[in-house]
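**Student:** Show me the folded form of this:
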Amino acid sequence: MMLNVPANGLTDVTIRSLASDGSGVGELPDGRIIFIPRSAPGDKTRVKVTALKRRWARGQLEEILSPTEERSNPLCSLYDKCGGCSLQHIPYSEQLKWKGRFVVEALSRIGGLEVDKVPVTASPHLSRYRNRMTFTLRRLRAGRVVAGLHGLDRPSHVIDVKSECILPEPEITSAWISLRDNWGTGARRLPLGGRLRLTLRNSKSGIDLLIEGGTSAWSPEALMKQVPSVSTVWHEPSDTGAIELVYGKVHEDIWVGEKLLLVGDVFLQVNRAAAQLLQEYVIATSGSPDSAVDAYCGAGYYGRQLANSGAAVVGIDVNGAALTSSCEKRSGNYRTVQGAVEEHLSNFLPVDLLILNPPRSGLESTIPLQILDAPPETIIYISCDPATLARDLKRLGSAYALIDYEAFDLFPQTAHIETVVVLRRSENQ
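**Tutor:** Okay, the predicted model is just below:
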């Protein structure tokens with residue numbers, strides 16, 4: 001199949017919708033679907049085709065011939081080349097509408113479920129909401145360093161970021177600027193290595209830094225003397241793979257009213273205010289079970305709340321530091337198991353309530369089978385990827401009915417969305 005385009009390689013495309021990655025969707029003259037980042041529904045565009053497949057293509061936005069009214073000016077000066085955000089050019093009210101449609105599309109197309117509309121709870125903050133940011137540092141020739149976020153459509157390319165990013169909390173931006181100003185020529189005050197991942201996390205105790213990569217033969221003191229805004233440093237060297245505290249002390253934070261220890265890479269949601277709305281919704285929909293399993297429990301907020309209400313709860317997570325991160329007195333009704341969920345879940349089923357909060361990849365393939373062998377009465381599934389959520393719901397088949405659902409925007413300006421679904425065991429099971 002040949003595509004007829006002018007000699008300059010450009011073609012005109014009208015954008016009709018958004019794809020789940022935030023790209024605009026249009027149609028080439030030969031009928032193939034084309035995905036164009038930074039375009040908006042209703043835009044009339046001139047694009048350069050950059051990848052051509054049998055049924056679809058990708059394009060680069062060269063010119064907006066006639067912009068849609070559903071377009072806004074990006075807040076970030078790097079938006080045209082940085083891959084960190086994908087929806088800054090879309091007004092926030094429209095972002096929410098499209099994110100709800102992303103969930104509906106996944107549930108219907110992949111999951112085979114009939115869902116007309118998914119309500120989306122807005123984030124209280126549209127920028128400066130991230131309490132954790134990860135940057136990539138690359139050492140180049142002649143002592144040059146580039147450090148920032150991955151490029152748009154070029155994940156191996158790093159866009160140099162100073163203070164331009166609108167996502168991190170102000171304290172993180174300040175610490176990042178100070179790090180950049182003081183790591184020295186060739187980043188000599190950081191661990192040796194061609195590529196490092198630098199994660200800054202803000203908490204009530206201050207800023208901590210996790211460095212992934214580089215060699216273990218490194219001392220942080222020379223850098224930390226110059227960067228007082230960072231008070232704790234963790235390092236996971238490439239040659240050991242173990243996270244170690246190499247400077248300062250473990251930070252504490254208050255999360256939804258609970259005190260937590262931030263050990264290493266313990267996971268917490270990046271958007272404090274929006275995460276609290278999600279967590280309150282999950283607890284409110286949990287009811288009053290006598291028994292529950294909190295799978296992929298992390299720091300264990302849901303399990304502790306349910307145990308305090310009288311339920312017998314088991315929390316399962318592979319991260320031992322997360323399981324011991326809470327400073328709160330543990331109820332006698334709550335116990336934890338360290339290990340992969342797929343290796344332990346069947347030991348504790350059936351229960352009244354199963355909470356699932358897996359990573360973006362969704363459930364390991366044997367978990368739906370374990371659930372079907374000993375079905376819980378109710379399942380609450382918290383997902384950060386509508387596609388894997390829909391896949392897993394389809395695996396459960398007709399054994400469960402979808403009785404409630406809501407999405408939460410924890411990631412404004414991006415195409416990511418958190419979705420919570422509530423499933424009830426079918427009467428014939």
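**Student:** any idea how far Tyr296 is from the residue lying closest to Gly300 once chain neighbours are set aside?
**Tutor:** Nearest residue to Gly300, sequence neighbours excluded (CB to CB, 6 or more residues apart in numbering): Gly315, at 4.8 Å. Backbone N, C-alpha and C define where each C-beta goes, glycine included. From Gly315 over to Tyr296 the distance is 9 Å, taken as CB to CB, to the nearest Å.
**Student:** Likewise for Gly303?
**Tutor:** 11 Å.
**Student:** Next up, phi/psi of Glu261, please.
**Tutor:** No, residue 261 isn't Glu; it's Leu. phi -90, psi 130 (degrees, to the nearest 10).
**Student:** which residues touch it?
**Tutor:** Residues near Leu261 by CB atoms under 8 Å, 6 or more residues apart in numbering: Val250, His251, Glu252, Thr324, Ser325, Ser326, Cys327.
**Student:** and the nearest residue to Glu169 once chain neighbours are set aside, which of the three is it?
**Tutor:** Closest residue to Glu169 in three dimensions, ignoring its sequence neighbours and counting by CB to CB, 6+ apart: Asn202, at 5.0 Å. Three-state call for Asn202 (DSSP: H, G, I helix; E, B strand; the rest coil): strand.
**Student:** what pLDDT does Leu209 get?
**Tutor:** At Leu209, the model reports a pLDDT of 98.
**Student:** follow-up on the earlier one: higher neighbour count, Gly315 and Tyr296?
**Tutor:** The residue with more neighbours, out of Gly315 and Tyr296, is Gly315; 27 against 20, by other CB atoms under 10 Å.
**Student:** Okay, now the sheet partners of the host helix or strand of that one, with direction.
**Tutor:** Using DSSP states H and E, Gly315 falls within strand 312-317. When pairs are called by DSSP bridges, strand 312-317 turns out to pair with strand 291-295 (parallel), strand 334-338 (parallel).
**Student:** so of those, which one's packed in deepest?
**Tutor:** Across the strands paired with strand 312-317, the average number of neighbours (mean count of other CB atoms under 10 Å) peaks for strand 291-295, which reaches a mean of 26.
**Student:** circling back: rank the strands paired with strand 312-317 by pLDDT, which is bottom?
**Tutor:** Among these, strand 334-338 scores lowest, at a mean of 95.
**Student:** How far off centre is that one?
**Tutor:** 25 Å (CA atoms, centre = their mean, to the nearest Å).
**Student:** which residues touch the nearest residue to Thr366 once chain neighbours are set aside?
**Tutor:** Of all residues not flanking Thr366 in the chain, Glu342 sits nearest, at 5.3 Å (CB to CB, 6+ apart). Applying CB under 8 Å, 6+ apart to Glu342 gives the contacts Glu364, Thr366, Ile367, Gln370.
**Student:** doesn't Glu342 fall inside a strand?
**Tutor:** No. Assessed by three-state DSSP, Glu342 does not belong to a strand; its assignment is helix.
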